[in-house]
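Novice: all I have is the shape, not the residue letters:
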């Protein structure tokens, strides 16, 4: 036991580091009297007991070589012997078991940064990030040396870091001056900027650019597949509005298909119309007295609920000079991306649209004061008491369909719209009289919100 | 005229706004996760990468229409993630926004203007992923053990 104590003293003394010796170790160094062989049994027993105590408190025999190697590592760090540091780290890594963690990733990173071992830092940082979602495969109560000189050295290096800046911001000059290839420098820039990738509003955009540049420029870099899977995707999905419009565009066909035969609101503007009498309406009005006005603009509004359509509009009829207000109910028999067909049936209320060609008087007397006088150029305001029936079909060619404003479900369609039909109206006015059947058509443009 | 303009503005805004929904989900049908499945919430500022084998399930941003506090926003986000078939929420941005108050006229001739005060709300922008990582497995195991103990 005395020989063991002596060996320990010599070994500890050879290290020349007086920082963290515990009481037992210090006690071994001071009493040189124990070497001249005059130790008595009592002091020997006390030393043994203290030694055994120290093994229980600082660590058992499993940790002893770990502490020793960490001491060696610290010495080599101070000498800046990077080759030995690499060797020591590898040795410590090989000593890891489920009960003991000789060195952790953070310690390795701080050592590589301090000694500017950037070539070793690259794979280490990649490994650190890749293992971020792994668990530590150690037993509960595992041992980790957190009370030695190396630990204090790491703590000091950590305190020197400015946590408000990225690693790259603090080491960029050193990295750029280092003896590395351009590819290694750029990869280091990416890895050392990652810790600030999401620190503020602008950071992800800048990081995305940096990563994309690296991936595009060095596609054969062995870490690029990992960067493409783990780093790039979240950076590419930052702009919510862009993604919203992208989704919208992707789903457009599906949304349009889902809207067939559904409800909506439409407006049509008819710019061209005409028609003809099929039967009846003989001598409808005196052509020497009245001039029909041609109105080119007609319009209607319609509301569609499911397949049913309710329309109200101002239309041309098949007779010039007669316009109608129609209220119709329609049914969509065919609806597709480009075509919509809906027959309709309804009631039609006619009104006149004539101009008086010359002065005339209508009535039993031609003297002033009796009968009705019509001045030249006056508009004839006939009042037809009865309406009539109208039926026909509307055909819309939807030449463009787009989303309504910024909605992702409401659509707007622009169409060439047409209306064909037959109406039968009793025209019982003062100057315009007749009945029969007339055919009409109207062409125009429509807009449909659905 | 002013009221007409406000009404028009509101109509346009309502057309422009959209309900908070998960975006970029793709065409694949996803089975929502069970309500008891633990969902991990990872802050991108702490861990700026996602697992290598993670399957992207969409991106989601809470709106100020949702409840305002950070706890409630996290709950909303986790629930959306579960529904999107994701067991990992990668929170990229958590920011505070000010939502101005509103003034509404209630009642007829003898009605009154009712105002609500503005409030500070937290919004979260997060990616959803499904990943089978050791950490997730451990999380699920611990969840199960806690459940058995209870």
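Specialist: Alright, I've got the coordinates. Being a predicted model, the structure only gives us computed values, none of them experimental.
Novice: in three-state terms, label residue B:82 for me.
Specialist: helix (DSSP: H, G, I helix; E, B strand; the rest coil).
Novice: how close does it get to residue B:56?
Specialist: 16 Å (Cβ to Cβ, to the nearest Å). Using the backbone N, CA and C atoms, a C-beta is placed for each residue, glycine as well.
Novice: again with residue A:234
Specialist: From residue A:234 across to residue B:56, the span is 9 Å (Cβ to Cβ).
Novice: so is residue A:73 in a helix, a strand, or just coil?
Specialist: helix.
Novice: please, which helix or strand holds the spatially closest residue to it that is not a sequence neighbour?
Specialist: Nearest non-adjacent residue to residue A:73, counting by Cβ to Cβ, 6 or more residues apart in numbering or on different chains: residue A:88, 4.0 Å away. Per DSSP states H and E: residue A:88 is located in helix A:82-94.
Novice: residues in contact with that helix?
Specialist: Helix A:82-94 has contacts (Cβ atoms under 8 Å, 6 or more residues apart in numbering or on different chains) with A:66, A:69-70, A:72-73, A:76-77, A:102-103, A:108, A:111, A:115, A:117, A:120.
Novice: circling back: what pLDDT does the residue nearest to residue A:73 get?
Specialist: Looking at residue A:88, its pLDDT reads 96.
Novice: burial measure for it, as a count.
Specialist: The number of residues packed near residue A:88 is 23, by other Cβ atoms under 10 Å in any protein chain shown.
Novice: and stretch B:57-71, end to end?
Specialist: With Cα to Cα, to the nearest Å as the measure, the first residue of stretch B:57-71 is 22 Å from its last.
Novice: thinking again about what came up before, distance check, the residue nearest to residue A:73 against residue A:78.
Specialist: Distance from residue A:88 to residue A:78, by Cβ to Cβ: 12 Å.
Novice: how far is the helix or strand residue B:139 falls within from where the chain is centred?
Specialist: Element membership for residue B:139, per DSSP H and E: helix B:134-149. Taking Cα atoms, centre = their mean, to the nearest Å, one finds helix B:134-149 lying 25 Å from the centre of the chain it belongs to.
Novice: report the residue ranges of every domain in chain A.
Specialist: With domains defined by automatic domain parsing, chain A comprises A:2-133, A:181-238, A:254-354+A:384-449.
Novice: briefly note if stretch A:187-205 comes near chain B.
Specialist: Yes - judged by Cβ under 8 Å from any Cβ of the partner chain, stretch A:187-205 comes into contact with chain B through A:194-195, A:197-199, A:201, A:204.
Novice: which of the residues you listed fall in strands?
Specialist: Per DSSP state E, strands hold no members of these.
Novice: quick check: ChimeraX command selecting the buried ones in those residues.
Specialist: The buried subset of the residues of stretch A:187-205 next to chain B, as determined by 16 or more other Cβ atoms under 10 Å in any protein chain shown, is captured in ChimeraX by this line:
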select /A:194,195,197,198,199,204
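Novice: least confident of the residues of stretch A:187-205 next to chain B?
Specialist: residue A:201 (89).
Novice: within range of chain B, give me the residues from the stretch 201-350 of chain A.
Specialist: Residues of the stretch 201-350 of chain A lying close to chain B (Cβ under 8 Å from any Cβ) are A:201, A:204, A:226, A:229-231, A:233-234, A:237-238, A:240, A:243-244, A:246-247.
Novice: of these, buried ones?
Specialist: With burial judged by 16+ other Cβ under 10 Å, the buried subset of those is A:204, A:226, A:229-231, A:233-234, A:237-238, A:240, A:243-244, A:247.
Novice: in a markdown table: those, plus secondary structure.
Specialist: Putting these into a markdown table (three-state DSSP) gives the following:
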| residue | secondary structure |
| --- | --- |
| A:204 | helix |
| A:226 | helix |
| A:229 | helix |
| A:230 | helix |
| A:231 | helix |
| A:233 | helix |
| A:234 | helix |
| A:237 | coil |
| A:238 | coil |
| A:240 | helix |
| A:243 | helix |
| A:244 | helix |
| A:247 | helix |
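Novice: of all those, which two lie farthest apart?
Specialist: Spatial extent of those (Cβ to Cβ) is set by the pair A:226 and A:244 at 29.4 Å.
Novice: show me how far stretch A:173-182 is from its chain's centre.
Specialist: 37 Å.
Novice: for residue A:328, which residues make a bridge with it?
Specialist: Assessed by DSSP bridges, residue A:328 has beta-bridge partners residue A:311, residue A:346.
Novice: off-centre distance for the helix or strand containing residue A:309?
Specialist: Assessed by DSSP H and E, residue A:309 sits inside strand A:308-316. Here strand A:308-316 is found 42 Å from its chain centre; the criterion is Cα atoms, centre = their mean.
Novice: re earlier: in helices, which of the residues of stretch A:187-205 next to chain B appear?
Specialist: Mapping the residues of stretch A:187-205 next to chain B onto helices (DSSP state H) picks out residue A:204.
Novice: is it true that residue A:391 touches residue A:419?
Specialist: No - Residue A:391 lies out of contact with residue A:419 (Cβ atoms under 8 Å); the separation is 11.3 Å.
Novice: quick check: the two most widely separated of the residues of the stretch 201-350 of chain A next to chain B?
Specialist: A:226 and A:244 (29.4 Å).
Novice: re the thing from before, what's the distance between the residue nearest to residue A:73 and residue A:159?
Specialist: Counting by Cβ to Cβ, the gap from residue A:88 to residue A:159 is 23 Å.
Novice: just residue A:237 next, same as before
Specialist: Noted for residue A:237: a distance of 36 Å to residue A:159, by Cβ to Cβ.
Novice: same thing with residue A:393?
Specialist: 84 Å.
Novice: more neighbours, the two?
Specialist: Legend: neighbour count by other Cβ under 10 Å for residue A:393 and residue A:159, higher for residue A:393 (14 against 7).
Novice: ok, now which ones touch the more buried one?
Specialist: Applying Cβ under 8 Å, 6+ apart, we find residue A:393 in contact with A:341-344, A:419-421.
Novice: many thanks, have a good one.
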